[in-house]
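# fold the following, please.
(2 chains)
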Amino acid sequence: MNRQVIFALLILALDAGYLLQTLSMPLPFARGEPGPSFMPLILVVALAVGALGVLVEELRGTASDNGEEGGTFGLRSIALIVVTGAFVWAFEPLGYWIATVIYTFFVAWLFEQERVGGLRAMLTSALIAVGITAVGWLFFVQLFELFLPEGIL
Amino acid sequence: MSGDLLNGFIALTNPETFMYLVGGFLMGLVFGAIPGLTATLAIALLLPFTFAMELTNALVMVMAIFMSGIYAGSVTGITVNIPGAASGAITTMEGHVLMKRGEGAKALSMDALASSIGGVLGAAVLMFIAVPMSNFALLFRTPDKFALVFMAVVTVVIVAKGSIWRSLIAVTLGLMVSTVGFDNMVAQGRFDFGSPNLIEGVQLLPAVIGLFAICELLLQGGAPARGVLDAPEFKVRHRDFIPAWADIREIGAWTFIKSSVIGVLIGMLPGGGASMASFVAYAEAKRVSKKPEEYGNGSHEGLAAAEAANNAMCGGAVVPLLTLGIPGDSVTAIIFGVLLIHGLVPGPGLLTNEMATIAPMFAALMVAAVFVFLSVLIFGPYYIWLARMNRAVLYAFIGMIAMVGTFASTFSVFQMWMALGVGIFAWLLRLMKYPLVPMLMGIILGPYLELYLRRALITSNGDVMTLFSSPISIGLYVMTGLFVYFLRYKSPKLA
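Reported below is the predicted structural model:
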């Protein structure tokens, strides 16, 4: 079973969850008009048709990967998710300056270490982080007068 | 109308507006030229800032990004054989051969000239066709509007590259996202799980930021390190970027005009896009060329045809957005969001009521097209360096603007989580080779598709035949069928 098949099955599971939620609403035309569940029920069918189409293509070996660009899984992507999640979590308590300097430092380091090595990347990433955070503050606060949390500062 | 158009150009003479035009142009140039980044991403990152901008400035800046971003996709294609965007693929094929022959400056200047001509013609067509088309759109009744949105959804599915089933899944997921939150016609929440944040639905801003900015950041996380690009092998002066009259005559005015018209027409199709425009114009130019053997081996004519078409597409793409309320691609879908943020609803009536507000947008598109040619004269010798930008700076900047921008425009940490969640989901879809543009179109068009369908059925007491009751809706269904036939079953292999 290849990963496209597994993903299509996950889509079907998602569809089943959506259907369960839809069925908790009044059925279409129960009150004389299409109602809030009408469109979701159509979408349940459409998603199931799409997922079954993928499954049939994959199982018959007629699937084509021509055209649409994909991507490569990398541990750095997982690290970026963790770092971004931590940034969102700490944004209000720590405030814009501290949270953003730390966030941009880690993001820059994740890319910079492949170019100049881990240790030297710490220095360049620190400079990049301070520069980008300052530019962001100038843009958001000074130029567009938008509010950013100050946190513990 | 002509007075409003003239006022649109006059609005650009305001120093502040002009600075936004120049700023947007440069932003589009940088994002378009860097492989992996696109004009769509540039406009997505700009979206949070548009909350704080005056509408005219926001529209002018977005148009400038659109025009220069499409053009710049070919710049690094010519210089280092890496197109900044898919739309630059054809130009890369011809332009890089010229580059290796030592005619890099010539290729870049012809590239810019053709883009300028195409861009100006596209903007001119937009100015003349938009109002009549908008007036026609006022005749649409609810079933016709449903047929129109349905056509857009179907077309988006069929023009996506790769598997049609994955495209159907992507657009349906977008439509499902649009059903989250308070029902517009009945006082009932849907799919909100009791959350006061979800009852408002998934807002467009975190959806766009997640789909394009966060997803791109995560994709780059998995991309291998880019090799250090060689320094340019050619030494050129600014004056080398002035195109030779003999070359322009050899290509001929008809090639520029015909390619531009092809670009505008393809731009007007939902899901048309710059890649398709450049490919069709290139194929047509080759078909009638006196020197078809040069195509693929460094043809100025082929390069000019492809570039004129993909920039003319910009004007065409805006027509269905403003007149019918149908965004044809990801860029116009985000422009849709910019208009909504400022209280303007794209579609029939917009140009009739708000022409004075929209006119600077038309003017900006035309002026930005002129800037394209000026830019190669000024920046031509430095274009090579755009592809060498430090990835650490680039992606740290994108991450910061995406997340902080989401907070700054919504004042909500929940919306930051939403952007991250959408971004992770979009990343998974891309890893599995699912297209993202249909999903965005589903999110944007979903509320309209549902509203028109339910309204039509309510007024007809549930009679489904009401959807096929008028000549306009029948015409639109026939067009949908023709699109399916020609774009899916009879389409050329796209680059």
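# how near is B:Gly28 to B:Thr38?
10 Å (Cβ to Cβ, to the nearest Å). For every residue, glycine as well, the C-beta is placed using N, CA and C.
# so the two - more neighbours on which side?
Neighbour count, other Cβ atoms under 10 Å in any protein chain shown: between B:Gly28 and B:Thr38, B:Gly28 has more, with 31 against 25.
# quick check: longest helix of chain A.
helix A:38-60 (DSSP state H).
# list the buried residues of that one.
Buried residues in helix A:38-60, defined by neighbour count with 16 or more other Cβ atoms under 10 Å in any protein chain shown: A:38-44, A:46-48, A:50-51, A:53-55, A:57-58.
# and for stretch B:481-492?
Buried positions in stretch B:481-492, judged by neighbour count with 16+ other Cβ under 10 Å: B:Phe483, B:Val484, B:Leu487.
# what of stretch B:368-383?
Buried, per 16+ other Cβ under 10 Å, within stretch B:368-383: B:Ala368, B:Ala369, B:Phe371, B:Val372, B:Phe373, B:Ser375, B:Val376, B:Phe379, B:Gly380, B:Pro381, B:Tyr383.
# okay, the buried residues of stretch B:481-492 in JSON lines with pLDDT, distance to B:Ala246 and secondary structure next?
Formatted as JSON lines, the buried residues of stretch B:481-492 follow (pLDDT from 0 to 100; distance: Cβ to Cβ, whole Å; DSSP: H, G, I helix; E, B strand; the rest coil):
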{"residue": "B:Phe483", "pLDDT": "80", "distance to B:Ala246": "42", "secondary structure": "helix"}
{"residue": "B:Val484", "pLDDT": "83", "distance to B:Ala246": "45", "secondary structure": "helix"}
{"residue": "B:Leu487", "pLDDT": "70", "distance to B:Ala246": "39", "secondary structure": "helix"}
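# reformat those as a markdown table; add distance to B:Val131.
Formatted as a markdown table, the buried residues of stretch B:481-492 follow (distance: Cβ to Cβ, whole Å):
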| residue | distance to B:Val131 |
| --- | --- |
| B:Phe483 | 25 |
| B:Val484 | 30 |
| B:Leu487 | 28 |
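# can you narrow these to ones near chain A?
Filtering the buried residues of stretch B:481-492 for proximity to chain A by Cβ under 8 Å from any Cβ of the partner chain leaves nothing.
# ok, so of those residues, who is nearest chain A?
Among these, B:Leu487 lies closest to chain A (Cβ to the nearest Cβ), at 13.1 Å.
# re earlier: give me the common contacts of B:Gly28 and B:Thr38.
B:Gly69 (Cβ atoms under 8 Å, 6 or more residues apart in numbering or on different chains).
# low pLDDT regions in the stretch 301-450 of chain B?
B:384-388 (pLDDT under 70).
# am I right that A:Glu33 sits in a helix?
No: secondary structure assignment (DSSP: H, G, I helix; E, B strand; the rest coil) places A:Glu33 in coil, not in a helix.
# name the nearest residue to it, sequence neighbours excluded.
Nearest residue to A:Glu33 in three dimensions, chain neighbours excluded: B:Ile458, at 5.0 Å (Cβ to Cβ, 6 or more residues apart in numbering or on different chains).
# residues in contact with B:Lys145?
B:Lys145 makes contact with B:Tyr448, B:Tyr452 under the criterion Cβ under 8 Å, 6+ apart.
# what angle separates the helix or strand that contains it from helix A:38-60?
According to DSSP states H and E, B:Lys145 maps onto helix B:142-159. Angle, helix B:142-159 to helix A:38-60, by axes from the mean of the first three to the mean of the last three Cα atoms, to 10 degrees: 20 degrees.
# so what pLDDT did the residue sitting nearest the centre point of chain A get?
Geometric centre of chain A, nearest residue: A:Ile81, 8.3 Å, by Cα atoms, centre = their mean. pLDDT, A:Ile81: 97.
# can you confirm it is in a helix?
Yes: under three-state DSSP, A:Ile81 sits within a helix.
# give the contact list for it.
B:Leu218, B:Leu420, B:Ile424.
# which one of those residues is nearest B:Pro15?
The shortest approach to B:Pro15 among those belongs to B:Leu420, at 38.2 Å (Cβ to Cβ).
# excluding chain neighbours, what is closest to that closest one?
In space, B:Leu420 is closest to A:Thr84, 5.6 Å off (Cβ to Cβ, 6+ apart).
# can you list the buried residues in the helix or strand that contains the one you found?
Here A:Thr84, judged by DSSP H and E, is contained in helix A:75-94. Neighbour-count burial for helix A:75-94, counted by 16+ other Cβ under 10 Å, picks out A:Arg76, A:Ser77, A:Leu80, A:Ile81, A:Val83, A:Thr84, A:Phe87, A:Val88, A:Ala90, A:Phe91, A:Glu92, A:Leu94.
# repeat for stretch B:245-262
B:Asp247, B:Ile248, B:Ile251, B:Thr255, B:Phe256, B:Lys258, B:Ser259, B:Ser260, B:Val261, B:Ile262.
# and the fourth one, backbone torsions?
Which is B:Thr255. Phi and psi for B:Thr255, reported as degrees, to the nearest 10, are phi -60, psi -40.
# could you report the pLDDT at it?
At B:Thr255, pLDDT is 89.
# residue contacts, it?
B:Ala285, B:Glu301, B:Ala304, B:Ala305, B:Ala308.
# what about those residues, which are in helices?
Per DSSP H, the contacts of B:Thr255 map to helices at B:Ala285, B:Glu301, B:Ala304, B:Ala305, B:Ala308.
# from those, which is closest to chain A?
After measuring the ones in helices among the contacts of B:Thr255 against chain A - Cβ to the nearest Cβ - the closest member comes out as B:Ala305, at 22.5 Å.
# if we can go back for a sec, out of the contacts of B:Thr255, which are buried?
B:Ala285, B:Glu301, B:Ala304, B:Ala305, B:Ala308.
# can I get those residues in CSV with distance to B:Gly88?
Compiled in CSV, those are given as follows (distance: Cβ to Cβ, whole Å):
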residue, distance to B:Gly88
B:Ala285, 17
B:Glu301, 17
B:Ala304, 14
B:Ala305, 14
B:Ala308, 13
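# host element of B:Ser279?
For residue B:279 the amino acid is Phe, not Ser. Counting by DSSP H and E, B:Phe279 is part of helix B:273-288.
# touching chain A at all, that helix?
No: counting by Cβ under 8 Å from any Cβ, chain A has no neighbours in helix B:273-288; the shortest distance is 10.3 Å.
# the inter-axis angle of that helix versus helix B:142-159?
Using the same axes, to 10 degrees: helix B:273-288 against helix B:142-159 is 70 degrees.
# next one, pLDDT for residue 40 please.
I went with chain A, as the question did not name one. Listed pLDDT for A:Pro40 reads 96.
# actually chain B
B:Thr40 is given a pLDDT of 81.
# which one is it nearest to, not counting chain neighbours?
Excluding its sequence neighbours, the residue lying closest to B:Thr40 (Cβ to Cβ, 6+ apart) is B:Ser330, at 4.5 Å.
# how many neighbouring residues does B:Pro168 have?
Careful, residue B:168 is Leu and not Pro. 23.
# A:Ala46 is in contact with that one, correct?
Yes: using Cβ atoms under 8 Å, B:Leu168 is in contact with A:Ala46, at 6.6 Å.
# contact partners for B:Phe336?
Contacts of B:Phe336 by Cβ under 8 Å, 6+ apart are B:Leu321, B:Gly325, B:Pro327, B:Pro346, B:Ile444.
# helix or strand for the first one, which one?
Read that as B:Leu321. Here B:Leu321 is assigned to helix B:300-324, by DSSP H and E.
# of all the residues in the following helix or strand past that helix, which ones are buried?
Next along the chain after helix B:300-324, taking DSSP H and E as the criterion, comes helix B:330-341. Buried residues in helix B:330-341, counted by 16+ other Cβ under 10 Å: B:Ser330, B:Val331, B:Thr332, B:Ala333, B:Ile334, B:Ile335, B:Phe336, B:Gly337, B:Val338, B:Leu339, B:Ile341.
# stretch A:126-139 now?
Of the residues in stretch A:126-139, A:Ile128, A:Ala129, A:Ile132, A:Thr133, A:Gly136, A:Trp137, A:Phe139 count as buried by neighbour count, 16+ other Cβ under 10 Å.
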